[in-house]
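>>> Next comes the sequence, and after it the predicted model I'd like to discuss.
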Amino acid sequence: MSSIPSSIGNELPQEHYLNAKYGIRSWLLTTDHKRIALLYLVSVTFFFFIGGAFATMIRIHLLTPNGYLVSPETYNKLFTMHGVAMIFFFLIPSIPAVLGNFLIPLMIGAKDLAFPKINLLSWYIYLIGGGFVLYSFSTGGLDTGWTFYTPLSSVYSNSAVTPAVIGIFINGFSSILTGLNFIVTIHTMRAPGMTWFRLPLFVWAHYATSIIFILGTPVIAITLLLAGLERMFHLGFFNPVLGGDPILFQHLFWFYSHPAVYIMILPAMGVISEIVPTFARKPIFGYTFIAGSSIAIAVIGFLVWAHHMFLTGQSAYAALAFSFLSFLVAIPSAVKVFNWTSTLYKGSISYDTPMLYALGFIGLFLIGGLTGLFLACLGLDIHIHDTYFVVAHFHYIMVGGAVMGYVGGLHFWWPKITGKLYPESLARIAAVTLFIGFNLTFFPQFILGYLGMPRRYHSYPPEFQVLNVMSTAGASILALGYLLPMIYLVWSMRYGRVAGRNPWPATGLEWQTDSPPMTENFDVTPEVTWEPYDFAHRPDLGLQVIGESSLAPSHGDD
Amino acid sequence: MQSQMPLYPQEASNFAPNVDALMIYITVICLFFAVAITSAIVFFFFRYHRRKPGDIGVPIHGDMRLETLWLVIPLILALSMFAGGAVVYVDFRRAPLDTLDIYVVGKQWMWKAQQPTGLKEINELHVPVGRNVKLILASEDVIHNFSVPDFRVKMDVVPGHYNTMWFRPTKSGRYHFYCSQYCGTNHAIMGGWVTVMEPADYESWLTGSTGATANPVVAGERLFAEKACNTCHFSDGKGRGPSLNGLYEAKVLLADGSTVTADEPYLRESILAPNAKIVAGYQPQMPTYQGQLSEEQILSLLTYIKSLQGQPPPQTGAGATTGKK
């Protein structure tokens, strides 16, 4: 591309994807990946607030040992619907379908995804699946736990299980099609010069995620369908009375649902791998190790599922193998943390909001990841399995990790998506509020777990009250931390300052085009002649580039 | 009520010290890494703060030696955690041969235990201190989980399977047990107490000669709670079973439309064979207490129920018919 001034602009471009067409039809029938990303943004936010409302009621209810707010039945429905809404309809699609959809074509210099119509189809499938689940929530609710363990879900539950499993089954196809679209796009549509090892790490992370999407999702879809068939037609798959095996369900369920955790966290790791080098203004430390660790997590992540089942009575030998593999999958995650931290060394670090989110992510993911070691340890898992320790652990990964990554990514690319800047100081306050609120909410739950408080309890012995009250207090701060960005991001779409093409500046291709980009993304197909995150060799960014001779870059093979 | 907030539960079984040792080992390693990385981030964050708007960082792309180092060291540490955990787990999964075997059955939402002598308990489990105890776990409906935090043990109770777990209590006392696998509506109250007794006390408890209690009403009331009668027979009539207030010698309307007088033979039958006569408006869901109560204990219960004769029955949910049909 020709030289691009990186200064902050004063006006939005004349024509861009947001004003290219008007009217409701131009949105509902769009095949533009950027508009589809915004459709997803609105729908996942909707489910986030539904799930969040359930979480709020859960935390209020647990203020007193006998339960403060609702009946046991309702409490069981609340935590189930919280999990289903958050996991299947917020966390799994959040970063891939919103940020991935928007950014992958821009990052690799393509006009769109490989299959634009299938991309739109994914969104409609998501809506249909979501519709079934909302129907379940509003006609009797769902009280099986998001894990749908049989025979509780397939025989004993009196709630609206059937529409829920149909909804999740349908929604699975949305994930599969998105994954397929990403893989084909990344393979075939990279701009000239965009070699595999020049790909932004965000794209690597989504490549790994897409592998899990297309290999894992069919298994959960068919498993839930089997549970639904058993419920509707009394076919004996899992119910021992009919000759089925309830443990078989858990094997099939976790074969997807453990890798699904990596669906949630890998894209967030991709976001962090973009933010950290941008705001430290230096190449990411160990590019190939971060890229490779994404693939390693995706592959090994498929071989650890039975660590959810150490106490089901499965063979002790199987437990040994799955514990070993679970410790193994910790290593690539550790490698990422070490590399992000080292990237800060001798950087030129700013305090911009996305960086605060990224560093917050590293801190929380660190705790989430390390506490995974406690649970992978067989002897220790006997005690902490199915306690609040587990609840705290996976919220550190999914909320502390995945949601921090998502919100941080939204801030980072907000200027690209909307062309506007959000109010910086307010955003910093929100980031710090989120971090503090999160820790106050979930750290006490580790202690509750070790003390022995089982999860999914609508009432609890009085000695657990202090920690539960702390947790609820933290949750109110956390809620504020989520509402703030919601408000000022919407505000900034109208009143924010114009961002210009590359406000940070960052090195990726997505920053080389207008903000917001035009429908076709680029005037001419860009050609990539630089290495990723290489600020020292990018005079076009308008930064102070040190003389070539004094640099002696060691890049090539890390 | 919640003045004391312990950081970890009591150690009351042979597994507790081992599990706590694992906890401490892994915590120390993780704390080291958490503190090291967090300090590095905070230090770098301020030390390498951007001085001038146009500044860039020093382009360092990586270091093969460092990458190897932080691949290998965490791997070794992780393997040591794996090994420690494996030793404890294999011990837990392989019960010794000289165990005292107790059958435990979970059902929505109560626990039944059967001692080797055939004595049955509900939401209670009595075991002798210092003896290897093996629980043979069965479920009548969904998956439950029998969990005793003070012993650091738990195991799923799976329908269609027999799972076993074992432990050796090391301290006398009463310890809470829970259902740890979500099992439906009343999952959270599906729990009870393990009573660890001196072997001699356990033996005398088994043979039923717990010694004469001074006041049979008090003994009956205690038994009423111990046998979990009070989890259904609320005095305010809002439980799953009818209130027993004012029941003794009153008329009771049955599901088949007939009426009986709540005398001693009726009350005794209702405890030992509850499904023989169902009170109108209630489900036949009370478990049988046949074989779980000595005659002495039944008498204590009857004395207790008699003592409720003067209590006013609630408007709805009373066993006694108050003549308003």
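It's in. Bear in mind the structure is a predicted one, so any value in this text is a computation, not a measurement.

>>> average pLDDT across stretch B:274-281?
pLDDT averaged over stretch B:274-281 equals 88, rounded to a whole number.

>>> which parts of that stretch are buried?
Along stretch B:274-281, the positions that meet the burial threshold by neighbour count (16 or more other C-beta atoms under 10 Å in any protein chain shown) are B:274, B:277, B:278, B:279, B:280. (C-beta placed from N, C-alpha, C; glycine too.)

>>> from the middle of its chain, how far away would it be?
29 Å (C-alpha atoms, centre = their mean, to the nearest Å).

>>> Start from the N-terminal end of the stretch 201-325 of chain B and give the helices.
In the stretch 201-325 of chain B, the segments counted as helices under DSSP state H, counting those that start in this stretch are B:216-226, B:264-272, B:295-307.

>>> Give me the packing partners of the shortest one, helices and strands only.
The reference is to helix B:264-272. Helix B:264-272 makes packing contacts with helix B:295-307 when contacts are defined by 3 or more C-beta pairs under 8 Å, 6 or more residues apart in numbering or on different chains; DSSP states H and E.

>>> Leaving out the residues flanking it, which one is nearest to residue A:528?
Ranked by C-beta to C-beta, 6 or more residues apart in numbering or on different chains and with sequence neighbours excluded, the top spatial neighbour of residue A:528 is residue A:193, at 3.5 Å.

>>> looking at it, the one you found is touching residue A:529, isn't it?
Yes. Proximity of residue A:193 to residue A:529 meets the contact threshold set by C-beta atoms under 8 Å, at 5.7 Å.

>>> The stretch 351-500 of chain A: helices as residue ranges?
Using DSSP H, counting those that start in this stretch, the helices found in the stretch 351-500 of chain A span residues A:353-376, A:378-384, A:388-395, A:404-418, A:424-451, A:465-495.

>>> Output the contacting helices and strands for the first one.
Contact analysis of helix A:353-376 by 3+ C-beta pairs under 8 Å, 6+ apart lists helix A:246-280, helix A:316-344, helix A:378-384, helix A:388-395, helix A:404-418, helix A:424-451, helix B:15-47, helix B:64-93 as its packing neighbours.

>>> next one: the last one
If contacts are counted by 3+ C-beta pairs under 8 Å, 6+ apart, helix A:465-495 sits against helix A:33-61, helix A:404-418, strand A:420-421, helix A:424-451.

>>> List the contacts of residue A:296.
With C-beta atoms under 8 Å, 6 or more residues apart in numbering or on different chains as the criterion, the residues that contact residue A:296 are A:329, A:331, A:332.

>>> what's the closest of these to chain B?
Distances from chain B to the contacts of residue A:296, taken as C-beta to the nearest C-beta, are shortest for residue A:331 (5.6 Å).

>>> ok, now how distant is that closest one from residue A:373?
Going from residue A:331 to residue A:373 by C-beta to C-beta, to the nearest Å gives 11 Å.

>>> Please apply the same query to residue B:253.
Residue B:253 sits 61 Å away from residue A:373, going by C-beta to C-beta.

>>> These two: which is more packed in?
residue A:373 (25 against 16; other C-beta atoms under 10 Å in any protein chain shown).

>>> Tell me how far that one lies from residue A:394.
14 Å.

>>> With residue B:287 instead?
The separation that residue B:287 has from residue A:394, given C-beta to C-beta, amounts to 37 Å.

>>> Look at those two and report which has more neighbours.
Shown here are residue B:287 and residue A:394; by other C-beta under 10 Å, residue A:394 has more neighbours (20 against 16).

>>> show me the contacts for that one.
Under the criterion of C-beta under 8 Å, 6+ apart, the neighbours of residue A:394 are A:261, A:368.

>>> 6 Å instead?
For residue A:394, no contacting residues are found, by C-beta atoms under 6 Å, 6 or more residues apart in numbering or on different chains.

>>> before we move on, the earlier item: the helices of the stretch 201-325 of chain B into a markdown table, with extra columns for mean neighbour count?
Putting the helices of the stretch 201-325 of chain B into a markdown table (neighbours: other C-beta atoms under 10 Å in any protein chain shown) gives the following:
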| stretch | mean neighbour count |
| --- | --- |
| helix B:216-226 | 17 |
| helix B:264-272 | 16 |
| helix B:295-307 | 18 |
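
>>> So which of these is nearest residue B:203?
Minimum separation from residue B:203 across the helices of the stretch 201-325 of chain B (C-beta to C-beta) falls at helix B:295-307, 17.4 Å.

>>> Could you write out the alpha-carbon coordinates of the closest one in CSV?
Extracted as CSV, the C-alpha positions of helix B:295-307 are listed here (Å, rounded to 0.1, in the frame of the first residue of the first chain):
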residue,chain,number,x,y,z
GLU,B,295,-39.0,-51.2,70.2
GLU,B,296,-37.6,-48.8,72.8
GLN,B,297,-37.0,-46.2,70.2
ILE,B,298,-40.5,-46.5,68.8
LEU,B,299,-41.9,-46.0,72.2
SER,B,300,-39.8,-42.9,72.6
LEU,B,301,-41.2,-41.6,69.4
LEU,B,302,-44.7,-42.3,70.4
THR,B,303,-44.1,-40.6,73.7
TYR,B,304,-42.9,-37.5,71.8
ILE,B,305,-45.9,-37.6,69.5
LYS,B,306,-48.2,-37.8,72.5
SER,B,307,-46.5,-34.8,74.0
